[in-house]
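J.: Can you look at this prediction? I've put the sequence above it.
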There are 2 protein chains.
Amino acid sequence: MNQPILQPDTNDETITPAMGSLSTQPYKGTRDFYPEDKQRQNYIFGVWRTVVERFGYQEYGAPILEPLEVYTAKSGQELANEQTYTFEDRGGRTVAIRPEMTPSISRMVAARRQELAYPARLYSIANFMRYERPQRGREREFWQLNVDVFGVDNDQADIEIITIADAILKEFGAAETDYQIRINNRTFINDVMTQWLGLDEATTRSMVKLLDRKNKITEADFNDQAFEILNDEAGVAKLQQLVAVTDLSALPEELQSYESLSSLRRVIETLNDRGVGAAGFDMTLMRGLDYYTGTVFEVFDTHPDNNRSLFGGGRYDGLVGLFGAEPISAVGTAPGSSMIENFLEVRGLFPAFAPTAVAYIIVIDEQYQAANELATTLRTAGVSVEIDITGRKVDKQIKTAFKKQIPYMIFVGENESTTGEYTLKNTTNDDGQTLNLEQLVEALSK
Amino acid sequence: MNQPILQPDTNDETITPAMGSLSTQPYKGTRDFYPEDKQRQNYIFGVWRTVVERFGYQEYGAPILEPLEVYTAKSGQELANEQTYTFEDRGGRTVAIRPEMTPSISRMVAARRQELAYPARLYSIANFMRYERPQRGREREFWQLNVDVFGVDNDQADIEIITIADAILKEFGAAETDYQIRINNRTFINDVMTQWLGLDEATTRSMVKLLDRKNKITEADFNDQAFEILNDEAGVAKLQQLVAVTDLSALPEELQSYESLSSLRRVIETLNDRGVGAAGFDMTLMRGLDYYTGTVFEVFDTHPDNNRSLFGGGRYDGLVGLFGAEPISAVGTAPGSSMIENFLEVRGLFPAFAPTAVAYIIVIDEQYQAANELATTLRTAGVSVEIDITGRKVDKQIKTAFKKQIPYMIFVGENESTTGEYTLKNTTNDDGQTLNLEQLVEALSK
């Protein structure tokens, strides 16, 4: 009964439906979630919700469409232009299906900046679309938790958000060795580029992009491209020295006095002190989006078969201000359900599938009135019950109960409705008992 | 703190944001859900979920985008062409943001028709878009529960779906006098039109459209338009006789022998027998969508200030077959959250707003380490806790606790962390107690 996690990409034009009929395939890059898959997704949503609510975060919702300019302003060119589903509506407005939540929640905070109580702790679980080549763990439609704290301009907010990222993975049953939380700081990156390497703004941008790609290219390519940007062997040597560092205290002496490094150090040390052992420094951690202004972080899966970035986040103090309001500090993170699904899948951390119904009522001789009365009694007692209303023979109904993996069957015919005695059968071990109504309710409502 | 339920329609082009900045308004016809509103929506979602799961329905998910032809095939021209958000993707496919779920779930059932166990009981809670003039209870983006049973070709399925519609309203605390469930049957409608009124296919279609509009136009307009279609005074008289009937036994003698009427009668009588007192016959009940083939029903609010259709449903046996599969019987219903929101609002049936956090930790002299240790202990015990991490003066932090409406405050400073004794204050009645850690956990985890 287990469904494959990822739908094979069979829904392109090479597969044509039967003559004149519509295709049964979902739109390219999107998934149908049958109950088994949806239950896994709901499990992920449930863990997210449990963890963020423990920290007092409150849920909000935002529209699936936003004016395109909300994204072009600050999200980075690739995301805003190449990856969004953009179109003109019937009123001539250019709109986008949201590819991320950060601009929407920033807009919402800006709109109610006077009424909100700070720190404003907000979360949402929502669907998004990005126009990209579908691949494992990366679908065109995807679901994300967004968890953000607004109105705190000190490190405690950065620490809290990373603590939540860590708490989520632990709540899923992950061990600390299953992931790394790599942390950097945009201000520190900028200081290193401009003050230590002496780069101008354009060269800094190129260098940030190169560092962002470092783990995807070879050492030789990295060095070649670094030389192209810096045009200076000494600079390349300094850069190599820098990216090799994983412990802040091993950073070059001159950098140790940077104010921006103190903040980065405080965040990592406090996290380690508070039991977030997976948190550490990574000089190549840049994050793709343009709106980050301080701490940036990314969670990496350490599993050999799934060694990739799971999700990230950071501080983006400038975004709310784009909506005509005074700037409001913000830190957030956004795990996606597909990445988490792979993370749990490779480790066998998903709970087993269980159908909604606890009992399946097998109806003999179409005794629907009696079957419904019994079902109503059980439902009122909080027991989820399905009734077989197909009118098929009893053996076929029994087969259905097994196919649905429902734990119990109850047989209802004229005899049962007269005597008030019912046969309850366990579908997993074939145990049977004869019970009256009261006993039946008791047996199933535990 | 209560937010208005419906956003005023202020987000059109007449309101321009501050010079050079982005608008804080959501896209026209969509809503931002701040925590108070989202909590109401979640309350609605929760009741839906509780009720359908009691009946053994299992949740699924489907993509937000579908190929346009999925809707043009059978949904009715207005919905497919005039009301959908349609655009061409970068691969040249014409796609639509889903305006409804029925075609998607029919497609999904067709795709797994062999693997599914019937009766297949499925539900989803999802967002949709329709391009329409925004009005009270009708927004461009909206949320719906879809609950459908597949593979049952007898009335028991129709009865179950209407029973669920009724159970949902009762679960919200509605009295049976708060709503009517008006029921008709597409086959019966067709029989009446063709056999009793002697109409051809085109005239039947016009007449069905007219009956569908009957409650929105005057008696005189109805009669005029009926005459235009029938071109026959005697036919108009027969029609008037027909639409006045609210009790099946009062229908004209000739109709009493129709097989299609037996089914309609059985559905209504069984519902009444099973305690669905609001169920009754309505000859003008048509439902706008082309795919219905048997029972159709609509739930109407009886409140004088909100007298309108809340939601509807019916049998659509032909839709799965459009996807190249053998036909599979289907019955479903789809309440929307905005309509339900108005229904609950006019009757004061919403629970009061409650923030996520039970306690707010006021931090004295930036004792964040101690505050976090306390918070971790409480969170581990299942108590949702927010910490004030702003570094502001204590009185400002206290004001925030009140503004957030959090029931308790806990004060943490050096003294508390040394003695292990904490002051717990009730924000609603100003009661205060001094408690040690164990007592604190006990006081808050009840």
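T.: Looks like it arrived, so ask away. Numbers count the residues shown, from 1 in each chain, chains lettered A, B, ... in the order given.
J.: For the stretch 101-250 of chain A, what lies in contact range of chain B?
T.: The stretch 101-250 of chain A has residues A:107-108, A:110-112, A:117-119, A:121-122, A:127, A:129, A:131, A:141, A:151-152, A:154, A:156-157, A:160 near chain B, with proximity defined as C-beta under 8 Å from any C-beta of the partner chain. (Each C-beta comes from the backbone N, C-alpha and C, glycine too.)
J.: Buried ones among these?
T.: Among these, those classed as buried by neighbour count (16 or more other C-beta atoms under 10 Å in any protein chain shown) are A:107-108, A:110-111, A:117-119, A:121-122, A:127, A:129, A:131, A:141, A:151-152, A:156-157, A:160.
J.: which regions of chain A lie under the pLDDT threshold?
T.: Low-confidence segments of chain A (pLDDT under 70): A:1-20, A:75-79, A:137.
J.: Let me see the contact set for the most centrally placed residue in it.
T.: With distances taken as C-alpha atoms, centre = their mean, chain A has residue A:336 as the residue nearest its mean C-alpha position (2.1 Å). When contacts are counted by C-beta atoms under 8 Å, 6 or more residues apart in numbering or on different chains, residue A:336 touches A:142-144, A:311.
J.: Quick one: which of these is the most crowded by neighbours?
T.: In terms of neighbours by other C-beta atoms under 10 Å in any protein chain shown, the contacts of residue A:336 top out with residue A:144 at 23 neighbours.
J.: How far off centre is the helix or strand that that residue is a member of?
T.: Following DSSP states H and E, the helix or strand that holds residue A:144 is strand A:141-150. On the basis of C-alpha atoms, centre = their mean, to the nearest Å, strand A:141-150 is displaced by 7 Å from the centre of the chain it belongs to.
J.: Could you do stretch A:229-248 as well?
T.: For stretch A:229-248, the distance to the chain centre is 34 Å (C-alpha atoms, centre = their mean).
J.: what residues does it touch?
T.: Contacts to stretch A:229-248, defined as C-beta under 8 Å, 6+ apart, come from residues A:192, A:196-197, A:199, A:203, A:206-207, A:210-211, A:214, A:223, A:226-227, A:251-252, A:261, A:264-265, A:268, A:280-284.
J.: So the helix or strand encompassing residue A:338, near chain B or not?
T.: Mapping residue A:338 onto the secondary structure by DSSP H and E places it in helix A:337-347. No: contact of helix A:337-347 with chain B (C-beta under 8 Å from any C-beta) is absent, the minimum separation being 10.4 Å.
J.: what inclination does that helix have with respect to strand A:141-150?
T.: Angle, helix A:337-347 to strand A:141-150, by axes from the mean of the first three to the mean of the last three C-alpha atoms, to 10 degrees: 100 degrees.
J.: Could you list the buried residues of helix A:337-347?
T.: Of the residues in helix A:337-347, those with enough neighbours to count as buried (16+ other C-beta under 10 Å) are A:337-345, A:347.
J.: So which elements touch it?
T.: For helix A:337-347, the helices and strands in contact under the criterion 3 or more C-beta pairs under 8 Å, 6 or more residues apart in numbering or on different chains; DSSP states H and E are helix A:35-54, strand A:141-150, strand A:309-315.
J.: Am I right that residue A:414 is in contact with residue A:368?
T.: No: proximity of residue A:414 to residue A:368 does not meet the contact threshold set by C-beta atoms under 8 Å, at 11.8 Å.
J.: Tell me which of the two has more neighbours.
T.: A count of neighbours by other C-beta under 10 Å puts residue A:368 above the other of residue A:414 and residue A:368, at 23 against 11.
J.: Now the more buried one: closest residue in space that isn't a chain neighbour?
T.: For residue A:368, the nearest residue in space outside its immediate sequence neighbours is residue B:156; the separation is 5.8 Å by C-beta to C-beta, 6 or more residues apart in numbering or on different chains.
J.: how near is residue A:375 to residue B:335?
T.: 21 Å (C-beta to C-beta, to the nearest Å).
J.: So which residues make contact with stretch A:304-315?
T.: The list of residues contacting stretch A:304-315 from outside it, by C-beta under 8 Å, 6+ apart, reads A:137, A:157-158, A:161-162, A:165, A:179, A:186, A:287, A:292-301, A:329-336, A:339-340, A:342-343, A:346.
J.: residues of it that come out buried?
T.: So, applying 16+ other C-beta under 10 Å, buried residues of stretch A:304-315: A:306, A:310-315.
J.: now stretch A:225-241
T.: Within stretch A:225-241, the residues scored as buried using 16+ other C-beta under 10 Å are A:225-226, A:229-230, A:235-236, A:238-239.
J.: Give me the distance between the two termini of that stretch.
T.: Its first and final residues considered, stretch A:225-241 spans 16 Å by C-alpha to C-alpha, to the nearest Å.
J.: Kindly report the same for stretch A:182-196.
T.: End-to-end distance of stretch A:182-196: 22 Å, with C-alpha to C-alpha as the criterion.
J.: Residue A:167: how many residues sit nearby?
T.: Neighbourhood size, residue A:167 [other C-beta under 10 Å]: 20.
J.: So which of the residues of the stretch 101-250 of chain A next to chain B are in helices?
T.: Judged by DSSP state H, the subset of those located in helices is A:107-108, A:110-111, A:156-157, A:160.
J.: Looking at these, which is nearest residue B:33?
T.: residue A:108 (8.9 Å; C-beta to C-beta).
J.: wait, isn't the closest one in contact with residue B:32?
T.: Yes: with contacts counted by C-beta under 8 Å, residue A:108 reaches residue B:32, the gap being 5.0 Å.
J.: what do those two both touch?
T.: The contact sets of residue A:108 and residue B:32 overlap at A:60, A:62 (C-beta under 8 Å, 6+ apart).
J.: first vs last residue of stretch A:193-210, how far apart are they?
T.: From its first residue to its last, stretch A:193-210 covers 12 Å (C-alpha to C-alpha).
J.: same thing with stretch A:373-393?
T.: Stretch A:373-393 has an end-to-end distance of 21 Å (criterion: C-alpha to C-alpha).
J.: in it, what counts as buried?
T.: For stretch A:373-393, a neighbour-count test (16+ other C-beta under 10 Å) marks A:374-376, A:378-379, A:383-390 as buried.
J.: in stretch A:160-179, what's buried?
T.: Under the neighbour-count rule (16+ other C-beta under 10 Å), stretch A:160-179 has A:160-170, A:172, A:174, A:176, A:178-179 buried.
J.: and the residues you listed, which of them are in helices?
T.: A:160-170.
J.: Taking the buried residues of stretch A:225-241 together, which two end up most distant?
T.: Using C-beta to C-beta, the buried residues of stretch A:225-241 span at most 15.4 Å, a distance reached by A:225 and A:238.
J.: can you pull the contacts of the residue nearest to residue A:254 when sequence neighbours are not counted?
T.: Closest residue in space to residue A:254, ignoring its immediate chain neighbours: residue A:196 at 6.4 Å, by C-beta to C-beta, 6+ apart. Residues near residue A:196 by C-beta under 8 Å, 6+ apart: A:238, A:252, A:254-255.
J.: swap in residue A:150?
T.: Applying C-beta under 8 Å, 6+ apart, the residues near residue A:150 are A:109, A:116, A:118-120, A:122, A:320, A:328-330.
J.: So which of these wins on neighbours?
T.: Taking other C-beta under 10 Å as the neighbour criterion, residue A:330 ranks highest of the contacts of residue A:150 with 29 neighbours.
J.: Quick check, that residue in contact with residue A:108.
T.: No: taking C-beta under 8 Å as the definition, residue A:330 is not a contact partner of residue A:108, at 11.7 Å.
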